[in-house]
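Chemist: Give me a model of this one.
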Amino acid sequence: MKDTREADGLLVDPRRLLLDMAQQRSASELLWLIVRRLCETSSVAMARIWLIRPGQGCPSCPMRAECPSQTKCLHLVASAGTSVACPGVSFSRIDGSFRRFPLGIRKVGQIAATGEPVEAPDLASLPDWIVRPAWVQAEGIKGFGGQPLVSRGNVLGVLGIFSRVTIDATSLDWLRMIADHAASALANALAWEEIAALKRRLELDNAYLQEEVRGGGSFGDMVGKSAALDMVSRQIQLVAPTDAMVLLQGESGTGKELVAREIHRRSQRAERPLIKVNCAAIPRELFDSEFFGHRRGGFTGAVRDRMGRFELADGGTLFLDEIGEIPIDLQSKLLRVLQEGELTRIGEEKTRTVNVRIIAATHRDLRAESAAGRFRTDLYYRLSVFPIAIPPLRQRKEDIPLLVEYFLKQISRRLGRSIPRVTKTTLAELVAYDWPGNIRELQHVIERGIIVAEGGFLHVELASSQRNSGIPTPVENAVSEILTDAQLRALEADNISCALRKTGGKIYGPSGAAQLLGLKPTTLASRMKRLGISG
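Modeler: Below you'll find the model as predicted:
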């Protein structure tokens, strides 16, 4: 049906276009609105908008050889128009040969580099800058108008139209005005989107930090004066100011998360969040979504856009706890992000860049796991730039009295109880114990002792089989038989089953199987699932 709206020269109702542009709050919708409305008349063969953005897709860019820096260029973001040479063909693709223009290269690149328009209203004699004269002739192109999109002295991009009629002076005036208003509307839309994105990020950061406040602080500050702890402190001081990846190795309950927090606190990223991920607690099917995020509708159940943990940690630190529990077939996805600093949300084609420092932690021997083929060797070497071994509590027993005093004050205040006194006998018993669950076990023993304290004295209950009575610990025993991996897993399954029987199937909380084994409940649940053990 013929368009009956008022036309000013080449363009249809440009006044209405200016009004509609001012109402847009989405940069993408604004750009597509402009090119589609400019092409409402068949006299305009094609309208396109390029924006200046960081270089992306350089290896496959047709103009890579001409690009002087490959740091930023013009990206084609909106295109409209129809072909007369090939009826039914649309010019709406934005992934063709001219999807990128290096700044200063070709006419479009010169417009962006200089901020000056290129107006060729009559192409009766084709200038030498026309790259495809055959296309110009086939489509009956008679004029070209290229305008810079300038806002507050900054060139944001380029608006260009190819017309099938000579462009009159009135249409050129309107095109200049549309470009000026487009730049202003684009700057406003980008500002709105940035504010909305910052608001969403602030909400996510706030929610995450509130969870950290509720669940964090298990070990408080680093407490102790032993030589083993002093060595860890010196390593923290060395590595914290750098951006080097850190691998924390130690038994469960030794305080690896506390060390990660201390490294982050002393780093240049301290103003940004420390995001924690328990890799053992992430189901395989949610791995991509948890780490990289997803777009609404990206998969069944994705009802809204969601940032992954890498994006939440952008500019800060990502703590990957129990990294040895990530299945080997999923480790390659993690390695790619660590190597390239780029990720793609589920359901999106857009590549996002992140700047994240990685601190990983594990109770496993990743070198041995790598040699056995259960952990990628390249990922192991990527993570272990600066390994730190966290000593078990049995190797820093001189710190136990200080830790007991610290936990007594902290837990009593939290429980609203008076601080019980500790007899020399009780303290000696605590120091003599081997602490297979390390600091976490000590914390739980003190908390239970405060709850059941009578007469103002701390009462503790320790497993008699694990008291240090001169019997060598398993660490001190020489291995008399080499076990296969299957035997080790069977032994682990038997041990977990035994703990479950003793606790009546209870996993979480005081006197639960997780506490008895010195594991986090989520880690125990993950191992039970992997070993096929029902709760």
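Chemist: Now do the helices in the stretch 401-535 of the chain.
Modeler: Ranges of helices within the stretch 401-535 of the chain are 424-432, 438-451, 485-502, 513-517, 521-531, based on DSSP state H, counting those that start in this stretch.
Chemist: and Thr362, which of those helices is closest to it?
Modeler: helix 521-531 (10.9 Å; C-beta to C-beta). (Each C-beta comes from the backbone N, C-alpha and C, glycine too.)
Chemist: Run the chain-centre distance for that closest one.
Modeler: 25 Å (C-alpha atoms, centre = their mean, to the nearest Å).
Chemist: same question, stretch 285-303
Modeler: Distance, centroid of stretch 285-303 to centroid of chain: 13 Å (C-alpha atoms, centre = their mean).
Chemist: before we move on, the earlier item: deepest of the helices of the stretch 401-535 of the chain, which one?
Modeler: By mean neighbour count, with neighbours taken as mean count of other C-beta atoms under 10 Å, helix 513-517 ranks first of the helices of the stretch 401-535 of the chain at a mean of 24.
Chemist: For that one, which helices and strands make contact with it?
Modeler: helix 438-451, helix 485-502, helix 521-531 (3 or more C-beta pairs under 8 Å, 6 or more residues apart in numbering; DSSP states H and E).
Chemist: Check what contacts the first one and list those residues.
Modeler: Residues outside helix 438-451 that contact it (C-beta atoms under 8 Å, 6 or more residues apart in numbering) are 218-219, 251-255, 392-393, 400, 403-404, 407-408, 411-412, 415, 417, 420, 430, 435, 437, 458-462, 510-511, 515, 518.
Chemist: Any chance of JSON lines for the helices of the stretch 401-535 of the chain, columns mean pLDDT?
Modeler: Converted to JSON lines, these look like this (pLDDT from 0 to 100):
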{"stretch": "helix 424-432", "mean pLDDT": "90"}
{"stretch": "helix 438-451", "mean pLDDT": "92"}
{"stretch": "helix 485-502", "mean pLDDT": "79"}
{"stretch": "helix 513-517", "mean pLDDT": "80"}
{"stretch": "helix 521-531", "mean pLDDT": "81"}
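Chemist: Among these, which comes closest to Ala187?
Modeler: helix 521-531 (46.0 Å).
Chemist: give me the element Glu311 is part of.
Modeler: Element membership for Glu311 (DSSP states H and E) is helix 309-312.
Chemist: ok, and what's touching that helix?
Modeler: Contacts for helix 309-312 (C-beta under 8 Å, 6+ apart): 201, 204-205, 208, 273, 275, 277, 290-293, 318, 337, 343, 352, 354, 356.
Chemist: Drop anything exposed from those residues.
Modeler: 204-205, 208, 273, 275, 277, 290-293, 318, 337, 343, 352, 354, 356 (16 or more other C-beta atoms under 10 Å).
Chemist: okay, who's weakest in those residues by pLDDT?
Modeler: When those are sorted by pLDDT, the bottom entry is Tyr208 at 55.
Chemist: Please pull up the helix or strand immediately following the longest helix belonging to the chain.
Modeler: Across the chain, the helix with the greatest residue count (assigned by DSSP state H) is helix 169-215. Downstream of helix 169-215, the first helix or strand assigned by DSSP H and E is helix 227-239.
Chemist: May I have the phi/psi pair for Arg52?
Modeler: For the record, residue 52 is Ile, not Arg. Ile52 has phi and psi values of phi -80, psi 120 when expressed as degrees, to the nearest 10.
Chemist: list the contacts for it?
Modeler: 72-75, 103, 112, 155-157.
Chemist: which sections of the stretch 1-150 of the chain are below the confidence cut-off?
Modeler: Within the stretch 1-150 of the chain, the ranges that satisfy pLDDT under 70 run 1-9, 55-60, 65, 68, 70.
Chemist: can you give me the helices in it?
Modeler: 14-22, 27-38, 106-114, 133-138.
Chemist: Show me the one of these that comes nearest Leu366.
Modeler: With C-beta to C-beta, the closest approach to Leu366 among the helices of the stretch 1-150 of the chain belongs to helix 27-38: 43.6 Å.
Chemist: What lies in contact with the closest one?
Modeler: Contact with helix 27-38 is made by 11-12, 17, 20-21, 24, 44, 47-49, 51, 77-81, 159, 161, 178, 182, 185-186, 189-190, 193, as judged by C-beta under 8 Å, 6+ apart.
Chemist: and that helix, C-alpha only, in CSV?
Modeler: Extracted in CSV, the C-alpha atoms of helix 27-38 (Å, rounded to 0.1, in the frame of the first residue of the first chain):
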residue,chain,number,x,y,z
ALA,A,27,20.0,1.9,22.1
SER,A,28,19.4,-1.2,19.8
GLU,A,29,15.8,-0.3,19.2
LEU,A,30,16.7,3.3,18.5
LEU,A,31,19.3,2.3,15.8
TRP,A,32,16.9,-0.1,14.1
LEU,A,33,14.1,2.4,14.2
ILE,A,34,16.3,5.0,12.3
VAL,A,35,17.4,2.7,9.5
ARG,A,36,14.0,1.2,8.9
ARG,A,37,12.2,4.5,8.8
LEU,A,38,14.8,6.0,6.4
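Chemist: and it, which residues are buried?
Modeler: In helix 27-38, counting by 16+ other C-beta under 10 Å, buried: 27, 30-35, 37-38.
Chemist: again with stretch 99-112
Modeler: 99-105, 107-112.
Chemist: which pair in the buried ones among the contacts of helix 309-312 spans the largest distance?
Modeler: Checking the buried ones among the contacts of helix 309-312 with C-beta to C-beta, the most distant pair is Asp205 and Val337, at 20.0 Å.
Chemist: which residues does Ser92 contact?
Modeler: 79-81.
Chemist: let's see 10 Å
Modeler: 32, 35-36, 39, 46, 48, 78-82 (C-beta atoms under 10 Å, 6 or more residues apart in numbering).
Chemist: Need the pLDDT of Ala281.
Modeler: The model reports Ala281 with a pLDDT of 88.
Chemist: what separates it from Ile326, distance-wise?
Modeler: According to C-beta to C-beta, to the nearest Å, Ala281 stands 11 Å off from Ile326.
Chemist: Name the residue in these two with the higher neighbour count.
Modeler: Ile326 (23 against 16; other C-beta atoms under 10 Å).
Chemist: leaving aside the residues next to it on the chain, what's closest to the more buried one?
Modeler: Cys279 (5.0 Å; C-beta to C-beta, 6 or more residues apart in numbering).
Chemist: burial of that neighbour, as a residue count?
Modeler: 23.
Chemist: what sits against Ser511?
Modeler: Ser511 neighbours (C-beta under 10 Å, 6+ apart): 444, 448, 461, 502-504.
Chemist: Look up phi and psi at it.
Modeler: The phi/psi pair for Ser511 (degrees, to the nearest 10) is phi 60, psi 20.
Chemist: Alright, that wraps it up for me.
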